[in-house]
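Visitor: predicted model and sequence follow; I will ask about them next.
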Amino acid sequence: MATLITCPSCKSSFALEEVMTDDIKKELRAEMIAYKSKKDKEVKELEEQLSKKDLEINEKISAATKLQEEELRKQILKEADSKLKFLEEKAGNAELEIKELKEKELEALRLKNELDEVKRDMENEKKKYFLENSGKLVDEAVKKEKENFELEKKEMEVRLEQQKKQVDEMKKKLEQGSQQRYGETQELALEETLKSSFPFDIIEEVAKGVKGADCVQIIRNEFGQECGKIIYESKRTTTFIMDWIEKLKADMRSRGAHIAVIVTKTMPKDMDGFGEKNGVWVCNFLEVRALAHVLRDGVIKVFNASKSQQNKGDKMQLLYDYLTSTEFSEQWKAIREGFLSMKLSIQRERDTMEKLWKAREKQLEKVLLNAAHIKGSVEGISGQDSINMSLLDEPNEELASDL
């Protein structure tokens, strides 16, 4: 709460705090003005000191710059003097080199003139030699060109033959791949046909890359007994190869099968329909189901017949069974076929050698006859028979006359 003071004269009142505040404000304002004027004076003095120092620094920098410029000018003049001396030395060396080059140029011109003269002499000698031996040179050139042509021709023929072989090999590989896929389709169809037609039999697929037939049919009767085997070979080519028969017969013996069947797209030339060919049955894919039924029934009947003869126990009967068995028959066929093949091979070799000897005998007669004609012509021209042109020794002349 403010403290009021009343004037005794005029009786007016005023607050004591207001009077004291104004006095304080005046004092503070005066102090502030004095402090500001003091600081302004200090700043002014500091600025004057800074300006003096700037002048001193600028003077020092200008002095240092002048000194550096003087040293740089001296260094540049020194380097220019050294470069001038180097260029003068180089110019002197260049003059010497130019002089030496001129001398070498004159020497080269002299040598060139001598070389041209030698070349003219050589050209004249070549022309003279060519005129004297033109015919011989032409013949040699023609002979050389002919030899080169023959060599190039032979090389081209060899390259062409190599290219043909490469093309043929590529064709064979492509055809082999396509034929292999083409044949595998029929193999799978054959296996499916046999499995669906004979569900109680075992149809074994021969793995790819294993030597032998494509599949084997293990025949079972109504009691589940194994009665025999039939092997099948699938072929789907445009030609029938007779070697397939011998190969399949050998495979039939090694597997202990009773019957072998070739299912082929192309029949042998002497067969219009299915049938037996050298101990192997041959048919197409449409006939294989019916043929398999017939052959299977035959194997089962043979098995049943052999089962009825099992308990006789007589050695003669066993021997008879062996001699009448498929195993003995096939083995004897193999022996007979090997014997006939060897006999035929020997006969062919004999015929070939006799034909070769006969051809050589005719050639020898032709040589001796022409030699006799030449000998007679030479003796008729020379008028003497002292020239020995006989192809045979003296003791063999009678043999020559006989030939």
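Guide: Cool, got the structure.

Visitor: show me the helices in the stretch 51-200 of the chain, by range?
Guide: Secondary structure of the stretch 51-200 of the chain (DSSP state H, counting those that start in this stretch): no helices present.

Visitor: pLDDT weak spots in the stretch 201-350 of the chain?
Guide: Along the stretch 201-350 of the chain, the parts satisfying pLDDT under 70 run over 207-212, 308-315.

Visitor: all strands for it, in order.
Guide: For the stretch 201-350 of the chain, the strands defined by DSSP state E, counting those that start in this stretch cover 202-205, 215-220, 226-235, 259-264, 275-277, 280-283.

Visitor: ok, Lys235 - contacts?
Guide: Contacts for Lys235 were tallied using CB atoms under 8 Å, 6 or more residues apart in numbering; they are Gly183, Trp244, Ile262, Val263, Thr264, Lys265, Thr266. (C-beta placed from N, C-alpha, C; glycine too.)

Visitor: the third one touches Glu246, doesn't it?
Guide: No - when contacts are counted by CB atoms under 8 Å, Ile262 is not listed as touching Glu246 (11.5 Å).

Visitor: what would the contacts of Lys235 look like in JSON lines with distance to Phe274?
Guide: Shown next, in JSON lines, are those (distance: CB to CB, whole Å):
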{"residue": "Gly183", "distance to Phe274": "19"}
{"residue": "Trp244", "distance to Phe274": "15"}
{"residue": "Ile262", "distance to Phe274": "10"}
{"residue": "Val263", "distance to Phe274": "10"}
{"residue": "Thr264", "distance to Phe274": "10"}
{"residue": "Lys265", "distance to Phe274": "13"}
{"residue": "Thr266", "distance to Phe274": "13"}
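
Visitor: I'd like to know which of those residues are buried.
Guide: Gly183, Trp244, Ile262, Val263, Thr264, Lys265 (16 or more other CB atoms under 10 Å).

Visitor: would CSV of those with distance to Gly256 be doable?
Guide: Below are those laid out as CSV (distance: CB to CB, whole Å):
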residue, distance to Gly256
Gly183, 26
Trp244, 20
Ile262, 19
Val263, 21
Thr264, 24
Lys265, 29
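
Visitor: which one of these is nearest Asp321?
Guide: Ile262 (29.1 Å; CB to CB).

Visitor: enumerate every residue touching the closest one.
Guide: Counting by CB under 8 Å, 6+ apart, Ile262 makes contact with Tyr232, Glu233, Lys235, Trp244, Ile245, Leu248, Val280, Trp281, Val282, Cys283.

Visitor: so what sits opposite it in the bridge?
Guide: On the basis of DSSP bridges, Ile262 is bridged to Glu233, Val282.

Visitor: state the distance from it to Arg236.
Guide: Counting by CB to CB, to the nearest Å, the gap from Ile262 to Arg236 is 11 Å.

Visitor: please apply the same query to Lys355.
Guide: Applying CB to CB to Lys355 and Arg236 gives a distance of 40 Å.

Visitor: do Lys119 as well
Guide: In this view, Lys119 and Arg236 are 79 Å apart by CB to CB.

Visitor: more crowded one of these two?
Guide: Arg236 (17 against 10; other CB atoms under 10 Å).

Visitor: for that one, give me the backbone phi and psi.
Guide: The phi/psi pair for Arg236 (degrees, to the nearest 10) reads phi -130, psi 60.

Visitor: and the contacts of Ile262, which of them are buried?
Guide: Tyr232, Glu233, Lys235, Trp244, Ile245, Leu248, Val280, Trp281, Val282, Cys283.

Visitor: and the second one, what does it touch?
Guide: With contact set as CB under 8 Å, 6+ apart, Glu233 has these partners: Ala213, Asp214, Trp244, Leu248, Asp251, Ala260, Val261, Ile262, Val263.

Visitor: determine which two of the residues you listed are furthest apart.
Guide: Asp251 and Val263 (14.6 Å).

Visitor: which stretches of the stretch 1-150 of the chain have low pLDDT?
Guide: 1-5, 7-9, 11-25, 129-139, 141-142.

Visitor: residue boundaries of the strands in it?
Guide: 4-6, 13-15.

Visitor: returning to that earlier point: out of the contacts of Glu233, which is nearest to Glu379?
Guide: Closest approach to Glu379 among these (CB to CB): Trp244, at 66.6 Å.

Visitor: for that closest one, give me its contacts.
Guide: Glu233, Lys235, Ile262 are the contacts of Trp244 under CB under 8 Å, 6+ apart.

Visitor: quick one: it from Val263, how far?
Guide: Trp244 is 11 Å from Val263, by CB to CB.
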